[in-house]
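>>> Quick one, fold the following:
(one chain, ligands or ions: 1)
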Amino acid sequence: MNAAGDNGGSLFKNFVRQTSFKRPEMNMNFEFSNARRLDTHCDTCFPMIQEQVPSRGNYVDLLEFSNFNGIPYPILDESKKPSRWFADIRYCMSTPLPHNYPSVTKDVLTSPRVESTIQTLLKTSNTSVSSLRSKAVKFFKEIQANLSKFVCKICSYLLYKVFRRLMTKLLVCPDELNRIRKAEESGIPIVYLPLHRSHLDYLLITWCNWHFRLKLPHIASGDNLNLSGLGWLLRATGAFFIRRRVNPDDEGGKDVFYRAILHSYIEQVLKKDLPIEFFLEGTRNRFGKVLPPKNGLISNVVQAVQQGIIKDCYLVPVSYTYDAVVEGVFLNELMGIPKVRESVMGVFKGIFDGFSKSKQCGIVRMHYGRPVLLTTYLSAMTAALACKNAKPTALTRLPHSFSYRELVPWHRTHSETVDDRSMIRAIGFHVVHEAQMMCSISAVSIVSCLLLAKFRKGADIRTLEHDTIWLCEKIIAGGGDVVGYTSNETTGETIVKYALKKIENCVEYLKDQQFVRPILEHKSLVNLAYNKNAIICRFSIKSALALSLVCREMGKMVNIEEIIDDTMSLCDWLQYDFLFAKPCDDLREICHDILSTEHWSHPVNGVLRSDYEDMGGFGDVESQNQPVHVRIKDENDFEILVFYSNLIRPFIQSLYIVTTFVASPKCAENPIPENKFVRDLCQAALAEQEGYVKPPFEPLLESINSDSFKNSIRTLREKGFLSRADPNNVCRSKNGHINEVVSNLQRVLRLVQ
Ligand SMILES: O=P(O)(O)OC[C@H](O)CO
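From the prediction side, this is the model:
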């Protein structure tokens, strides 16, 4: 059998739906929320007393607001429904922009931060006060937003037209927005921290806030979007521009004086109680899963609080779910081809293309997380990062494999006191983790995931429908939500039909349309993988546990601690691909918790058998610190574990491809730029050319992509297998232990023969 499993039958034989379908013909209810409480995802850091957790209603469609005069809607009394004539224009005219957006020019240019930087520069460089002051004005003008209510009003109307063309629905949860309103009324500024998947993300918070009469944010935008003729429009809707490092030699954004002006700008906007928005990831993710956060702008906000410039601020994670992003899958960039820089022509072409394909983005859902005060974050992270006696994992598995807590990038030094850098990293990781966990999952992701991780050689439609429901239920049981799925109501038929329509270019049908399989070409598989990757965060640790189990000899008992050690190593090696855990989590504990759940340890329903079977499963024994040995129960459970393991398997394959290459004589001894290295390796691997080391298994084609290759390089560099001193180039590894990594990875991938 191959890595992905292909027996065509349902994996999930033990899964029986609790209730029979009530209305098999029912449409999907996209507004329905499977979660009924406005919970938080971190009880450790931000506990909520259960009785006080507010309830959560369904979603509303912003595109319908103009037809119903906004909230409350839907209007059940037909006679009260407003007329639809010129509904958009009338709604836009009558919906106010009630807040003021005062200028911060003087505050920034005369701020103590800018003054002290001027004094320092006067001492250290040969320059005059007046030239520094005019430079300050120049930097300020380069950065500043120019929020104009008049322009926002016009845009609010135009965006109705654009969004209606691109989206079927744009859903938000009014209860989440009410929570934001309360935070806003407290007079403490809000910092919105959305995940970044598409250029459309820039517009969504602003547009949604306008509907709910909330303040419009100042949005940190890369200067790549400051296009002549369009930059002013973005500034008028709240964008302020920051310099980006587009290539490794670009020092523009590092200028101390520029940074002081930018820092002061952020502080003064917040001081005026105006919200700010920026993307912690720093760039749109290219492969459908979150990126590790960057520290720059969040550190400015943390310092503003620590230095008393503002008393506090609320951090609000925001996430988006699209059936498809307007840009499409980033196929060229995923093959290492450099991005085409944004241009005015490109924008017009993008708009034209967007309008030529109707409802390209499908259903879009936004989530606003719980506003948490930065000072609460600071004390929670201090407690979370204080030294805990992390138990090192076995070193026999993969070289340099210590405890996850010691190696993850938020906490480099294992010390009693928590330094500011670790604190800022931890806050960023916590927010991004929260955002990824509150993201709804689209039906497209569910079906793409099953096609790639289970039905690679195809499935009959009924089996796919059955397993789709199984996966939806798993996501809901884990606290997630699936767009358009209502537990016990939506049929597998409806949801599969909906999803297959969206991915019709990536699948083919056989047997009179009753059998479907993915098209096994790189382009289709990468497309499906992009959709699938949105799900992995919900199962990432389970997937690593499953991979650690299925790579072992079937039927042989193995000490559970060994499985956990391997799992921790896998998480560690994929730390740039996935945020497996929050800074406050203990990964070893999470592994134990997962293994003690009924699904894993129950003597009848669990996937594992232990040497404590007669005692009602090993969950209880585990908690008594007794050594436990387990094996996979039977073929069916093995198949379930293979499915889970296949979620992260392509990423381990990418790591293997890169590692074997940098360990081999085929890799040049002289450093070559990383971008070129990645592009050449992608092309060679795909064409199975000479310039690549063919693995002893058939690689899953989606594992050949620049995103995973770059993360593999980053991990190898981090662990000293590639030069840290030369971070922009790659050459053959001189580390004698690299072959141990190769053989360990081969052991983990053993199944794929
Ligand atoms: O890095 P990119 O191409 O994803 O650009 C998106 C940025 O948000 C632009 O500011």
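
>>> Give me the buried positions along stretch 141-151.
Across stretch 141-151, burial judged by 16 or more other Cβ atoms under 10 Å covers 142-148, 151. Where you see a C-beta, it was placed from the backbone N, CA and C, and this is true even at glycine.

>>> That one: end-to-end distance?
Taking Cα to Cα, to the nearest Å, stretch 141-151 runs 19 Å from one end to the other.

>>> excluding its backbone neighbours, what's nearest residue 309?
Spatially, and ignoring its direct neighbours in sequence, residue 309 is nearest to residue 267 (4.7 Å; Cβ to Cβ, 6 or more residues apart in numbering).

>>> any idea which element that neighbour lies in?
Assigned by DSSP states H and E, residue 267 falls within helix 256-271.

>>> Report the next helix or strand after that helix in sequence order.
strand 276-277.

>>> what helices or strands is that next one leaning on?
strand 190-194, strand 218-222, helix 256-271 (3 or more Cβ pairs under 8 Å, 6 or more residues apart in numbering; DSSP states H and E).

>>> Helix or strand with the lowest mean pLDDT in this protein?
When the helices and strands of the chain are scored by mean pLDDT, DSSP states H and E, helix 404-407 comes last with a mean of 45.

>>> The residue in the stretch 351-500 of the chain positioned nearest to the ligand: what's it in contact with?
Residue nearest to the ligand within the stretch 351-500 of the chain: residue 432 (15.2 Å; Cβ to the nearest ligand atom). Contact analysis of residue 432 by Cβ atoms under 8 Å, 6 or more residues apart in numbering lists 193, 195, 280-281, 290-293, 317, 579.

>>> As TSV, the residues you listed with pLDDT would be great.
Below are the contacts of residue 432 laid out as TSV (pLDDT from 0 to 100):
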residue	pLDDT
193	98
195	97
280	96
281	96
290	96
291	95
292	92
293	93
317	97
579	93
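
>>> now, which of those sits nearest the ligand?
Distances from the ligand to these, taken by Cβ to the nearest ligand atom, are shortest for residue 281, at 8.8 Å.

>>> Was I right to think the closest one contacts residue 296?
No: in this structure residue 281 lies outside contact range of residue 296 using Cβ atoms under 8 Å: 11.7 Å.

>>> Tell me the secondary structure at the residue of the stretch 351-500 of the chain closest to the ligand.
Secondary structure, DSSP: H, G, I helix; E, B strand; the rest coil: residue 432 is helix.

>>> Skipping adjacent residues, who's closest to it in space?
Residue 432 sits nearest to residue 293 (Cβ to Cβ, 6+ apart), 4.9 Å away.

>>> need the helices for the stretch 601-750 of the chain, in chain order.
For the stretch 601-750 of the chain, applying DSSP state H, counting those that start in this stretch gives helices covering 619-623, 635-663, 674-687, 706-718, 738-748.

>>> Of the ones you listed, which is nearest the ligand?
Of the helices of the stretch 601-750 of the chain, nearest to the ligand by Cβ to the nearest ligand atom is helix 706-718, at 12.4 Å.

>>> sorry, back to before: so can I have JSON lines of the buried residues of stretch 141-151 showing secondary structure?
Shown next, in JSON lines, are these (three-state DSSP):
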{"residue": "142", "secondary structure": "helix"}
{"residue": "143", "secondary structure": "helix"}
{"residue": "144", "secondary structure": "coil"}
{"residue": "145", "secondary structure": "coil"}
{"residue": "146", "secondary structure": "coil"}
{"residue": "147", "secondary structure": "coil"}
{"residue": "148", "secondary structure": "coil"}
{"residue": "151", "secondary structure": "helix"}
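
>>> Just the closest of those to residue 64, please.
residue 151 (24.7 Å; Cβ to Cβ).

>>> distance of the closest one from residue 655?
Residue 151 is 48 Å from residue 655, where distance means Cβ to Cβ, to the nearest Å.

>>> Same question for residue 197.
Distance from residue 197 to residue 655, by Cβ to Cβ: 24 Å.

>>> now do residue 292
Residue 292 is 16 Å from residue 655, by Cβ to Cβ.

>>> got it, and residue 477?
Residue 477 is 31 Å from residue 655, by Cβ to Cβ.

>>> do residue 40 as well
Taken as Cβ to Cβ, the span from residue 40 to residue 655 is 34 Å.

>>> if you count what's nearby, which of the two comes out ahead?
residue 655 (26 against 16; other Cβ atoms under 10 Å).

>>> Now for the more buried one: which residues touch it?
573-574, 708, 712, 715, 745.

>>> Kindly report the same for residue 194.
Contacts of residue 194 by Cβ under 8 Å, 6+ apart are 201, 204-205, 277, 279, 317-320, 435.

>>> try residue 715
Contacts of residue 715 (Cβ under 8 Å, 6+ apart): 573-576, 655.

>>> which pair in the residues you listed spans the largest distance?
575 and 655 (11.3 Å).

>>> still on that earlier bit, would you single out the least confident of the helices of the stretch 601-750 of the chain?
Least confident of those, judged by mean pLDDT, is helix 619-623 with a mean of 57.

>>> returning to what we had before: just send the helices of the stretch 601-750 of the chain back as a markdown table, with distance to the ligand too.
Compiled in a markdown table, these are given as follows (distance: least, Cβ to the nearest ligand atom, whole Å):
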| stretch | distance to the ligand |
| --- | --- |
| helix 619-623 | 44 |
| helix 635-663 | 21 |
| helix 674-687 | 14 |
| helix 706-718 | 12 |
| helix 738-748 | 30 |
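
>>> now those helices in a markdown table, with distance to residue 728?
Shown next, in a markdown table, are the helices of the stretch 601-750 of the chain (distance: least, Cβ to Cβ, whole Å):
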| stretch | distance to residue 728 |
| --- | --- |
| helix 619-623 | 46 |
| helix 635-663 | 15 |
| helix 674-687 | 6 |
| helix 706-718 | 11 |
| helix 738-748 | 20 |
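
>>> tell me what the helix holding residue 267 is packed against?
Counting by 3+ Cβ pairs under 8 Å, 6+ apart, helix 256-271 packs on helix 105-109, helix 112-124, helix 129-143, strand 276-277, helix 296-306.

>>> so which of the ones you listed is the most packed in?
strand 276-277 (a mean of 24; mean count of other Cβ atoms under 10 Å).

>>> Average pLDDT for that one, rounded please.
Here strand 276-277 scores 98 as its mean pLDDT.
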